[in-house]
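Colleague: After the sequence you'll find the predicted model.
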Amino acid sequence: MPQTSPGCPDDLVAFAARALGRVQSEAPLVQCLTNAVVTGFTANVLLAVGAAPAMVDIPDEAGPFARVASGVLVNLGTPRAEQRAAMPEAARAAAEAGTPWVLDPV
């Protein structure tokens, strides 16, 4: 019998189905600060699951947008200089607003 980690649901398929259903019903607005290699892929995956991607990754816009987004993705792949400046701005604003955010260190 497979074992699960503490805090991990016993029925991962059912858990994943509920999570997907929640994403589809809430249609979250997800701000993405990500590298050019995966921008299209990231947007398409978010669209496929029912979220609304927003590639807002420039200074002076990233912070205010993070405050109204449902979630923020910060991908450290190969950011341009402008993105490097926008990333901490978005993360700080998300934290201050209570917006969940994910750091993808690649």
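Modeller: Cool, got the structure.
Colleague: so how far is the longest helix anywhere in the chain off the chain centroid?
Modeller: If you go by DSSP state H, the chain has its longest helix at helix 81-97. Taking Cα atoms, centre = their mean, to the nearest Å, one finds helix 81-97 lying 13 Å from the centre of the chain it belongs to.
Colleague: Could you do stretch 13-31 as well?
Modeller: Worked out by Cα atoms, centre = their mean, stretch 13-31 lies 13 Å from the chain centre.
Colleague: Buried residues, the longest helix of the chain. List them.
Modeller: 83, 86-87, 89-91, 93-94 (16 or more other Cβ atoms under 10 Å). Yep, even glycine has a C-beta here, placed from its N, CA and C like the rest.
Colleague: Output the residues you listed as a markdown table; include the columns distance to residue 28 and pLDDT.
Modeller: Below are those laid out as a markdown table (distance: Cβ to Cβ, whole Å; pLDDT from 0 to 100):
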| residue | distance to residue 28 | pLDDT |
| --- | --- | --- |
| 83 | 22 | 96 |
| 86 | 20 | 98 |
| 87 | 20 | 97 |
| 89 | 21 | 98 |
| 90 | 16 | 98 |
| 91 | 18 | 98 |
| 93 | 17 | 98 |
| 94 | 13 | 98 |
